[in-house]
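Asker: Just need the structure, nothing else, for what follows:
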Amino acid sequence: MKVVIDTQILLRSIPKLAPEKIIYHAFDKKEFTWVLSNEILTEYAELVSKWYGVQTMSFVLSLLLESENHQLFEPSYKWQLVEDDPDDNKFVDCAIGANADYLVTDDKHIRKLLKREHPFPPIEIVSFAEFKQILERRK
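Answerer: Numbers count the residues shown, from 1 in each chain. The predicted structure is shown next:
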C-alpha cells in the first residue's frame, strides 16, 4: 500500500503519546510505503525543524529516507486541483503521479476535492481517523 502523508499529519505524529504515532509504528512494521517528493521533503524539513528543532528534523528525515519502504517520486505534471491553497498541490500531484493508494490529510483545502462531482483524476483522500481504521483492518 502506497501512501502520501501531508505535513500536518506528520507533525502531529511526532510526540510520543500522540494518537497519530501509530503512523510511525505502521511504517516501521512496513505496513505501507511512504511516498515522498523533494518538495514534500523540503516542507517536512522546514516545519519539523521549526516546531521540534533541527535534531528532530534530522532524525525524522533519516528515518524516512533510510527505510526500505519509502518511495521518492517526482511528479512530472502539476494538476493544480487545490485552488484555495496552491501550496497543498504538492501532496495531490505526488499521490496522483505515484498512483498512491491514499493521501492522508485533514487539510480542509485538500479535502474539498472530495466534493468534486466528476473526480478526475481519481484520488483516494482519507483523514487520519480513516487511515487509522484502514491500518487496523489490515491486521
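
Asker: Quick check: the gap between the residue lying closest to residue 85 once chain neighbours are set aside and residue 126.
Answerer: If you skip the residues right next to it in sequence, residue 85 has residue 109 as its closest partner in space, 4.0 Å away by CB to CB, 6 or more residues apart in numbering. Using the backbone N, CA and C atoms, a C-beta is placed for each residue, glycine as well. Remark: distance between residue 109 and residue 126 (CB to CB, to the nearest Å) = 15 Å.

Asker: which secondary structure element contains the closest residue to residue 51 other than its chain neighbours?
Answerer: If the residues on either side of it in the chain are set aside, residue 51 comes closest to residue 11, at 5.9 Å by CB to CB, 6+ apart. Per DSSP states H and E: residue 11 is located in helix 7-12.

Asker: Give the helix, strand or coil label for residue 88.
Answerer: The three-state label for residue 88, taken from DSSP: H, G, I helix; E, B strand; the rest coil, comes out as helix.

Asker: Next, work out how far apart it and residue 125 are.
Answerer: The span separating residue 88 from residue 125 equals 11 Å under the rule CB to CB.

Asker: buried ones in the host helix or strand of residue 27?
Answerer: Of the helices and strands defined by DSSP H and E, residue 27 is found in helix 22-28. Along helix 22-28, these residues count as buried under the neighbour rule (16 or more other CB atoms under 10 Å): 22, 23, 24, 26, 27.

Asker: Mind putting those into JSON lines with distance to residue 7?
Answerer: Converted to JSON lines, the buried residues of helix 22-28 look like this (distance: CB to CB, whole Å):
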{"residue": "22", "distance to residue 7": "18"}
{"residue": "23", "distance to residue 7": "13"}
{"residue": "24", "distance to residue 7": "15"}
{"residue": "26", "distance to residue 7": "18"}
{"residue": "27", "distance to residue 7": "15"}
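
Asker: so, if you compare these, which one comes nearest to residue 132?
Answerer: The shortest separation between residue 132 and any of the buried residues of helix 22-28 is 6.1 Å, and it belongs to residue 22 (by CB to CB).
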